[in-house]
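Asks: Here's a sequence, model it:
(one chain, ligands or ions: 1)
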Amino acid sequence: MTKTDHVALTLPSTSIASITGGAGGDEGNLSRKSLRRSWNQLPRCQRNLIIMAITAFLFTALLFLPGDQLINIKDVHLKPGAAPFHIRRENTLQNPHHHPNLEKENKLYDDVPAAVASPMTDGSRLIKTKPAKDKLDGRMAYADGNTAEHVVKLPETVAAINDNNNGLIDIVNNVDQPIEEQSSLAISDPLNIRTELEEAIRQPFKLAGVSIESHLQNMETELAKGQHFHGATNERQAAVVAAFKHSWAGYKTYAWGHDNLKPVSQSSHEWFGLGLSIVDSLDTMYIMGLEDEFNEARDWVKNSLHFHTNRDVNLFEVTIRVLGGLLSAYHLSGDKMFLVKAAELGNRLLPSFLSPSGIPYSDVNLGERSAHSPKWSPDSSTSEVTTIQLEFRDLSRSTNVPIFERVVNVVNDKIHALDKSHGLVPIFINANTGTFRNYATISLGARGDSYYEYLLKQWLQTGRKDNDNLILDYMQAIDGVLTQLMRRTPREHWVYIGELINGHDFKPKMDHLTCYLPGTLLLGHDNGMPDSHLLLAKDLLDTCYQTYIRQPTQLAAEISYFALNDKDDSDIYVKPNDAHNLLRPEFIESLYYFYALTGNRTYQDMGWNIFQAFEKHSKVAAGYTSLGNVKNTLNTRMRDLMESFWMSETLKYFYLLFSDNRKEIDLEKWVFNSEGHPLPVYQH
Ligand code: DMJ
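Replies: Residues are numbered from 1 along each chain as shown. Okay, the predicted model is just below:
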């Protein structure tokens with residue numbers, strides 16, 4: 001059947017031939033005239049039928065056109081020369097203000113003080129933020145120099161990004177971007193970090209292309225000299241040394257070479273297979289003057305600590321405990337063997353940083369040298385990715401190999417550029433996208449705590465520079481703590497730090513982990529932070545002490561709750577599932593800073609009460625054990641685990657707290673990492 005034949009079934013062939021496009025010229029005119037004539041000759045109902053058919057055809061065709069082409073067509077007509085549609089569409093999807101799912105989260109950021117940028121001679125921007133309010137719904141109690149304007153200096157690259165609206169959108173919400181385009185290593189890789197990173201990962205036994213040993217041999221800068229410690233000088237210190245020896249003896253007998261001791265069942269507990277308790281305890285033994293124990297641990301590290309096992313480990317835990325432990329042992333003893341081990345471990349931890357965003361993956365396989373997000377979630381913990389910087393920087397400075405410091409500086413820059421709520425951060429972050437998880441909790445306890453600690457400590461480690469993002473972020477964060485998280489109980493007025501569930505809803509819950517904060521605040525105040533930090537430090541220290549001495553065992557529970565109003569029976573209370581004590585150090589750490597920085601011996605007495613409580617309830621034949629219940633002296637439910645931080649931190653801080661020389665470790669020269677390992681302070 002021909003086309004004409006087909007059309008002739010419904011319409012006169014002449015008419016249709018003209019409608020579907022006839023020839024040009026005279027022939028065309030003739031054809032048009034005959035078309036008009038033919039059209040007029042048609043009965044009215046047939047003409048209507050044809051018009052309806054054409055309308056229906058055009059309408060259907062319009063329906064099948066893609067939506068964005070419709071927008072494009074419309075925009076091209078409205079605004080000739082407008083940007084191609086796909087750019088506009090990405091912006092619409094990526095702009096948080098247009099994304100329906102992000103509306104809730106944006107409320108979180110609404111309160112962030114508006115920043116005013118002014119250019120600096122060096123090309124960076126000075127950002128003046130609004131000061132903290134000194135009163136907020138009766139919650140905020142402290143006001144002082146903190147109310148002055150904070151001056152936040154953004155690095156040039158960040159300022160440039162913030163000047164560019166599209167760039168800001170990409171950083172805040174780059175979920176929809178292809179992964180290769182998101183890599184901050186690729187974006188900010190003028191010095192080729194990725195190539196260097198891959199090189200180091202390929203050759204874990206080498207530094208700068210030669211064996212670690214030869215590299216250290218040829219190094220121009222001086223290696224660590226080593227410090228001298230004289231051992232216990234009083235009864236309390238001697239009691240702590242005895243507690244350490246008891247713990248060590250149990251570990252040696254029942255768990256030697258394994259990660260932790262199970263002191264009740266007198267067996268071992270494996271976590272990463274890295275002899276955690278040995279490496280974590282090295283510097284404690286050195287500081288306590290336990291030469292024999294230190295030497296046997298040193299031999300084990302030299303001969304038996306290997307990192308080639310095909311096993312996933314946690315980047316943060318291994319960094320603070322093992323890398324931090326090795327580096328501290330190196331600096332205190334001057335023994336280069338520890339630095340050699342630290343360098344190999346550093347190389348093997350680097351795969352974590354090969355993420356698209358530069359925010360590290362939480363899990364790394366040291367043997368295979370690969371890394372990934374945790375099995376249970378796509379996100380890393382915010383505190384974990386921000387609590388590795390002291391150690392990696394120290395490794396770079398000690399070995400003269402910049403890559404370790406550079407990868408953690410990328411993390412710093414990335415986190416600094418993200419939107420925060422009053423300087424406070426959500427507790428989860430995605431290593432692929434480099435963005436915080438929407439609606440994540442804000443807390444100074446688990447998964448949030450040491451982000452704040454390392455802002456201050458990194459600033460101390462690097463020579464306390466003015467206008468440094470680290471300290472400015474720290475000040476803003478502590479303002480956020482004061483205005484958003486700090487409350488007092490209704491009757492007894494205990495100060496505590498609550499949490500914001502989903503980033504919004506206040507919960508009067510405080511982890512024992514948060515009791516590191518008084519010490520950190522005092523350390524900051526001693527280095528020029530405002531008096532509001534000091535007041536909070538003192539009040540919070542008192543509250544943390546209450547969480548101990550109010551319990552029948554005089555040991556604190558893992559989590560405490562606080563009354564919101566008079567209806568609650570007690571101002572401080574513990575729920576049955578939160579009543580465990582894991583031998584944690586945070587409060588003793590804070591007492592140590594209070595003693596070391598003030599010389600006031602009251603803090604020693606507070607610590608002594610707690611030390612005795614551990615002696616009474618946690619000590620067993622083969623060491624010290626965690627407890628399941630601090631609320632009943634007759635039913636403490638021993639949990640059968642002695643984590644490595646008991647010997648690394650809790651006993652070290654007790655020992656230093658009871659020292660007659662409060663500067664046994666000089667805080668001008670040393671900064672403790674999050675696991676209690678002192679690392680040297682640098683001038684820059
Ligand atoms: C330690 O491993 C470190 O102090 C870490 O920062 C927090 N948790 C434990 C001690 O409680």
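Asks: Residue 228: how many residues sit nearby?
Replies: Counted with other CB atoms under 10 Å, residues neighbouring residue 228 total 7. In this view, the C-beta of every residue, glycine as well, is placed from N, C-alpha and C.
Asks: any idea whether it is helix, strand or coil?
Replies: Assigned by DSSP: H, G, I helix; E, B strand; the rest coil, the conformation of residue 228 is coil.
Asks: Quick check on it: phi, psi?
Replies: phi -110, psi 130 (degrees, to the nearest 10).
Asks: do the same with residue 252
Replies: phi -60, psi -40.
Asks: Any idea which residue of the stretch 501-650 of the chain lies closest to the ligand?
Replies: Among all residues of the stretch 501-650 of the chain, residue 584 sits closest to the ligand, at 3.9 Å; criterion: CB to the nearest ligand atom.
Asks: Doesn't that residue belong to a strand?
Replies: No - assigned with three-state DSSP, residue 584 falls outside any strand and is coil.
Asks: Between the two ends of stretch 650-666, how far is it?
Replies: 19 Å (CA to CA, to the nearest Å).
Asks: One more: stretch 640-652?
Replies: Per CA to CA, stretch 640-652 runs 21 Å from first to last residue.
Asks: what does stretch 418-429 give?
Replies: Rule used - CA to CA; the end-to-end distance of stretch 418-429 is 11 Å.
Asks: Taking the stretch 201-350 of the chain, what residue is nearest to the ligand?
Replies: For the stretch 201-350 of the chain, CB to the nearest ligand atom, closest residue to the ligand: residue 320, 6.1 Å.
Asks: Now for that residue: which residues touch it?
Replies: Shown in contact with residue 320 (CB atoms under 8 Å, 6 or more residues apart in numbering): 387-388, 391, 673-675, 677.
Asks: re earlier: how many residues are close by the nearest residue to the residue of the stretch 501-650 of the chain closest to the ligand once chain neighbours are set aside?
Replies: Leaving out its chain neighbours, the residue that sits closest to residue 584 by CB to CB, 6 or more residues apart in numbering is residue 512, at 5.6 Å. Residues lying near residue 512 (other CB under 10 Å) number 24.
Asks: Stretch 675-684 near the ligand at all?
Replies: Yes - under the criterion of CB under 6 Å from any ligand atom, the ligand is reached by stretch 675-684 at residue 675.
Asks: any idea of the mean pLDDT for that stretch?
Replies: The predicted model assigns stretch 675-684 a mean pLDDT of 98.
Asks: So the residue of the stretch 201-350 of the chain closest to the ligand, which state does it fall into?
Replies: Once three-state DSSP is applied, residue 320 turns out helix.
Asks: quick one on the thing from earlier: quick check, nearest of the contacts of residue 320 to the ligand?
Replies: Of the contacts of residue 320, the one sitting nearest to the ligand (CB to the nearest ligand atom) turns out to be residue 674, at 3.7 Å.
Asks: Could I get the phi/psi values of the closest one?
Replies: Torsion angles, degrees, to the nearest 10, at residue 674: phi -70, psi -10.
Asks: Tell me how far residue 383 lies from the ligand.
Replies: Noted for residue 383: a distance of 8 Å to the ligand, by CB to the nearest ligand atom, to the nearest Å.
Asks: any chance of the contacts of residue 320 in TSV, plus secondary structure and neighbour count?
Replies: Putting the contacts of residue 320 into TSV (DSSP: H, G, I helix; E, B strand; the rest coil; neighbours: other CB atoms under 10 Å) gives the following:
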residue	secondary structure	neighbour count
387	coil	26
388	coil	28
391	helix	32
673	coil	28
674	coil	24
675	coil	25
677	coil	31
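Asks: rewinding a little: please list all residues in contact with the residue nearest to residue 584.
Replies: 445, 544, 547, 556-560, 584, 586-587.
Asks: Looks like residue 444 contacts residue 480 (just checking).
Replies: No - under the criterion of CB atoms under 8 Å, residue 444 is not in contact with residue 480, lying 10.0 Å apart.
Asks: Please say which of those two ends up with more neighbours.
Replies: Taking other CB under 10 Å, residue 444 and residue 480 do not tie; residue 444 has more neighbours (30 against 24).
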